[in-house]
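S.K.: kindly generate the corresponding structure for this input.
(chains A and B)
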Amino acid sequence: MAKKQLFGIKFPFLVDDEKKYYVAANDTVSDKVRSQLMHIVFTPKGQRIRNPEFGTDLIKHIFSQNDGISWEAVKTEVSESVTRWATNITLNNIQVVKNEENESQIFVRLDYSVTEGNKTTNDSIAVQL
Amino acid sequence: MEKKINYLSRTFSDIKNELVKFSNQYYPEIADDFTDSSIGAWFIDLVSAVGDDLSYHTDRIYQETNINSANLRSTLLNLARTNGVKVPGAKCSMCEVELSCVLPMSASEINGNIAQPDWNYAPIIRRTSVVGAGSNLYEIVEDVNFAEQFNSDGFSNRKIVPARDSNGNITGYTISKSVVAVNGTTKVYKKVLYSSDIKPFMEVILPENNVVGVESIIFKETSDITISPQTYEYYVDAEEYRISTGAVMTYRYFEVDSLADQYRFGNIADFSDDFDGTVIANIYNPHIYEDYTETVGGDSVKTTRYYRGKWKALSQKFITEYTDNGYLKIIFGGSNGYGVIPDSATTYGDYMASNIINNDMLGVLPKEGWTMYVLYRVGGGVSTNLGPGSINTIVNAKTDWGGDVTKTNGRERGKVIASMSVTNLSTALAGKDAPSNEELKYLIKYNTSAQNRAVTVKDYKVKLMQMPAKFGAPFRNTVIESNNKVEMSFLGLNAQGQLDSSLPQTLVENVLEYMSNYRQINDYIEIKSGRIYNIGVEAEVFIDKNYNTADVVKNVINKITDYFAVENHDMGEDIFVGDLEKEVSLVDGVISLIKLRIFKIWNNGYSPDKCPLPKFIEGSSCDSSKSSSYSVPGEYEEIDLEQIDSVLYGDYNSMYEIKYPNRDIQCKVKLR
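M.R.: Numbers count the residues shown, from 1 in each chain, chains lettered A, B, ... in the order given. Predicted structure coming up:
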């Protein structure tokens, strides 16, 4: 039986009991892209060894007002980082909204498209910050 | 294909590339993407960084094992220690200074002669007195006793010039003595030793980082010291002594190159004033010496002083070394002393074992309750080098009186002190910063530790030159092997700067004693006087009549005097007459050198040694000799220069000397 193609390690890390993998792998390209995006968004700049520019500097907004000004800054930060580090992704739109249940949190939604050959797939993820 | 990572990949990017290539090649079904945003790349980055760090540290540690690539100061100091190099610190500049004072005349005339300086007023300026040039301070390195003709090395260093009033009458005498002054200041580090301090190879780090060296370390046998030791107490050449009857015992420790050194060559100290042999006889000059005199103009003049030296067993010793951050560390010996019964010894076997372990070969430790005084110097560096005449201030003179103070009065003594002045005759040189890491590398690489033994005759000559000057320093020496003996020949200088072949007994004994520690067991040393071959010169020259003839003759004589000056030659050296002819020809006003004749002279006030070079026999070589009118009081013969190719060949143990240049060099002049 041919081996199933996997697409790298899933982010965040999970143990895949079913396949008996120490870390779960991405089963599809869209899973891989999602992992990449979350990896970029959730890695603070300076944390990645030998690559201090990798990631986002969202941590600096932790004490900012949860208002439009901060949301714009978050959008810019995420947009620049994704454009720089995920070159296989086209970022179509970023939306930032307040979490109505918790005033100190926001949701960020990224609409993006991935082109493979002549096939373009649109997708989106939402992360809570 | 073997699954492995290329071991030549040692940097972060190389290792990462290898791992990515490896993953792509062998695990394409798991991961297909290693761009920075992928999680796999993050893992590979981690592993690559660990590999890179390990490579870096491996390189760094290896680099520090090799002298060419080592960078850490501590590594270089360790390498130096392993290679037997004693790393120096900063070096102080040094120069010769002249200290002067005006002494009054003595009250009475002696034997109808004019009154002499009143030596009762002669001051002693103590070692460590400070002279200065602005902020640069220099300490004199030995006591300057204006009543003495000599310094402590036995060299004559005093001159006396009459001081006159406006009518030309002598009102006193300006006495000048030269002495070496060294940049820096002397400090004392005091510490009472407690039981917790005493441990094998006890270390003491001096609390300053510009220490240039330790001068001396003494211990007082008590912790209850209220008066600091006087400077002279640090320089008594004995391991145990008292400065007066009933005084606390002082223990001096000596610096050695290695704690394994068992002997030191030192003065014999004079303890003749005491019953138990520990009280020094003369606190200011406690060493045994002998003065030698010569008769100059009918008067007996003390010309040389030799201190008696001998090898002494040494157990109180220490070594010093610099830490990697520039502090000076003193390291004492490893035992409590041979024969000390340890408290824990309960059986005879314990006692004997303890004796074996506690022997004093590597030095003994001081004892609990003693007070340690370390006399050390700070200063040095390149900035302390100065031109002559720069030192002109006496900053701190520790003054004493060398004569009978009861025959003096305070007002006159005050005038003597007020008249003291100083200047440096020579450039203050040799100041140097501590060696840099690069210098240290060269020091280690090109230092072959000298072996402390005399095997070849050259070794004997080197060791002889290393003998401290105060025990005798022959002006010239030569060492040869003759009939299975090591034959040393010495020549000295007398008060007029002429060669002297007399051999003072103390010098001979000191040399034999000094060499006994280095010579091979079956070597026999014989010490002889060197031979002095007195010669004379007759120069026949054409002189330009437009020049002052007397001046040209004087210049020719000076040129010949300089050429043969004993300071410029060594024993056994050949002297080329051709070079001298060339130099005389070049004297301003000399048109041509017609003939240069050399005469051997002996007896009647000259050396009794007759030069063995062939005598000129008239008609044998050159007829021009017929015109010679050379004449001196001694017996003389012309040397046949043609037969010896115009070279005055030197015997291994002889030197050529023009004893009386004004008489022995004669000039015949033709004007043109």
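S.K.: distance from the chain centre to the longest helix anywhere in chain A, please.
M.R.: The helix that spans the most residues within chain A, counting by DSSP state H, is helix A:68-85. Relative to the mean C-alpha coordinate of its chain, helix A:68-85 is positioned 12 Å out (C-alpha atoms, centre = their mean, to the nearest Å).
S.K.: is chain B contacted by the following helix or strand past it?
M.R.: Sequence order places strand A:89-98 as the next helix or strand after helix A:68-85, per DSSP states H and E. No. Contact between strand A:89-98 and chain B, assessed by C-beta under 8 Å from any C-beta of the partner chain, is absent, since the two come no nearer than 8.8 Å. Where C-beta positions appear, they are placed from N, C-alpha and C, glycine not excepted.
S.K.: keeping just the C-alphas, turn strand A:89-98 into CSV.
M.R.: What follows is strand A:89-98 as a C-alpha-only set of coordinates in CSV (Å, rounded to 0.1, in the frame of the first residue of the first chain):
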residue,chain,number,x,y,z
ILE,A,89,-0.3,32.8,0.6
THR,A,90,-2.2,35.8,-0.7
LEU,A,91,-3.8,37.7,2.1
ASN,A,92,-7.2,39.0,0.9
ASN,A,93,-8.6,40.6,4.0
ILE,A,94,-8.1,41.0,7.7
GLN,A,95,-10.9,41.7,10.1
VAL,A,96,-10.5,42.6,13.8
VAL,A,97,-13.5,42.5,16.2
LYS,A,98,-13.9,42.7,19.9
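S.K.: what does that strand contact?
M.R.: In this structure, residues lying in contact with strand A:89-98 by C-beta atoms under 8 Å, 6 or more residues apart in numbering or on different chains are A:33, A:36-37, A:66, A:71, A:74-75, A:78-79, A:82-83, A:105-115, A:122.
S.K.: if you set the cut-off to 10 Å instead, what comes out?
M.R.: Residues from elsewhere that reach strand A:89-98, judged by C-beta atoms under 10 Å, 6 or more residues apart in numbering or on different chains: A:33, A:36-37, A:40, A:66-68, A:70-80, A:82-83, A:104-115, A:120, A:122-124, A:126, A:129, B:37.
S.K.: please pick the buried ones from those.
M.R.: For the contacts of strand A:89-98, burial is judged from neighbour counts taken by 16 or more other C-beta atoms under 10 Å in any protein chain shown, and it is met by A:33, A:36-37, A:40, A:71, A:73-75, A:77-78, A:82, A:106, A:108, A:110, A:112, A:114, A:129, B:37.
S.K.: quick check: closest non-adjacent residue to residue B:33.
M.R.: Leaving aside its chain neighbours, residue B:33 sits nearest to residue A:8 (5.8 Å; criterion: C-beta to C-beta, 6 or more residues apart in numbering or on different chains).
S.K.: verify the stated contact: that neighbour with residue B:28.
M.R.: No. Shown here, residue A:8 and residue B:28 do not form a contact pair, counting by C-beta atoms under 10 Å, at 11.4 Å.
S.K.: looking at these two, which is more packed in?
M.R.: Neighbours of residue A:8 and residue B:28, each counted by other C-beta atoms under 10 Å in any protein chain shown, are more numerous for residue A:8; the result is 24 against 12.
S.K.: and that one, what does it touch?
M.R.: The contact partners of residue A:8, taken as C-beta under 10 Å, 6+ apart, are A:23, A:25-26, A:31-32, A:35-36, B:23, B:30-35, B:38-41, B:43.
S.K.: burial of residue 59, as a residue count?
M.R.: Just going to use chain A. Neighbouring residues of residue A:59 were enumerated by other C-beta under 10 Å; the total is 13.
S.K.: ah, no, chain B please
M.R.: Residues lying near residue B:59 (other C-beta under 10 Å) number 12.
S.K.: any idea how far residue B:420 is from residue B:150?
M.R.: In this view, residue B:150 and residue B:420 are 20 Å apart by C-beta to C-beta, to the nearest Å.
S.K.: need the helices for chain B, in chain order.
M.R.: Taking DSSP H as the criterion, chain B carries its helices at B:12-26, B:39-63, B:73-82, B:348-357, B:410-418, B:437-445, B:457-466, B:505-515, B:549-564, B:577-585, B:661-664.
S.K.: in the sheet, which residues pair with residue B:319? Tell me.
M.R.: With DSSP bridges applied, the residues forming beta bridges to residue B:319 are residue B:331.
S.K.: I'd assumed residue B:333 was in contact with it.
M.R.: Yes. With contact defined as C-beta under 10 Å, residue B:319 and residue B:333 form a contacting pair (9.4 Å).
S.K.: joint contacts of the two?
M.R.: Common neighbours of residue B:319 and residue B:333, counting by C-beta under 10 Å, 6+ apart, are B:201, B:256, B:259, B:363.
S.K.: nearest residue to the third one other than its sequence neighbours?
M.R.: The reference is to residue B:259. Distance criterion C-beta to C-beta, 6+ apart; nearest residue to residue B:259, sequence neighbours excluded, is residue B:362 at 4.5 Å.
S.K.: what is the burial count for residue B:38?
M.R.: Neighbour count of residue B:38, defined by other C-beta under 10 Å: 24.
S.K.: contact partners for it?
M.R.: Taking C-beta under 10 Å, 6+ apart as the criterion, residue B:38 is in contact with A:7-9, A:11, A:26, A:32, A:35-36, A:39, A:85-86, B:31-32, B:44.
S.K.: which one of these sits closest to residue B:189?
M.R.: Distance ranking of those against residue B:189, using C-beta to C-beta, places residue B:44 first at 58.4 Å.
S.K.: up against chain A, what does chain B have?
M.R.: In this structure, chain B approaches chain A at residues B:12-13, B:16, B:23, B:27-43, B:45-50, B:52-53, judged by C-beta under 10 Å from any C-beta of the partner chain.
S.K.: just to revisit the earlier point, same drill for residue B:319 and residue B:333, tell me which one is more crowded.
M.R.: residue B:333 (24 against 20).
S.K.: what's the closest non-adjacent residue to the more buried one?
M.R.: residue B:363 (2.2 Å).
S.K.: that neighbour contacts residue B:313, doesn't it?
M.R.: No. Residue B:363 lies out of contact with residue B:313 (C-beta under 10 Å); the separation is 11.8 Å.
S.K.: need the overlap of contacts for those two.
M.R.: Here residue B:363 and residue B:313 share the contacting residues residue B:262, scored by C-beta under 10 Å, 6+ apart.
S.K.: quick revisit: are any of the residues of chain B next to chain A buried, and if so which?
M.R.: B:12, B:16, B:23, B:30-34, B:36-43, B:45, B:48-49, B:52.
S.K.: pull the contacting residues for residue B:612.
M.R.: B:531, B:533, B:600, B:649, B:651, B:654.
S.K.: kindly report the same for residue A:22.
M.R.: When the contact criterion is C-beta under 10 Å, 6+ apart, the partners of residue A:22 are A:9, A:13, A:14, A:15, A:16.
S.K.: now, the most widely separated pair of these?
M.R.: Based on C-beta to C-beta, the longest span within these runs between A:9 and A:15 and measures 11.7 Å.
S.K.: show me which of those two is the more surrounded one.
M.R.: Shown here are residue A:9 and residue A:15; by other C-beta under 10 Å, residue A:9 has more neighbours (24 against 11).
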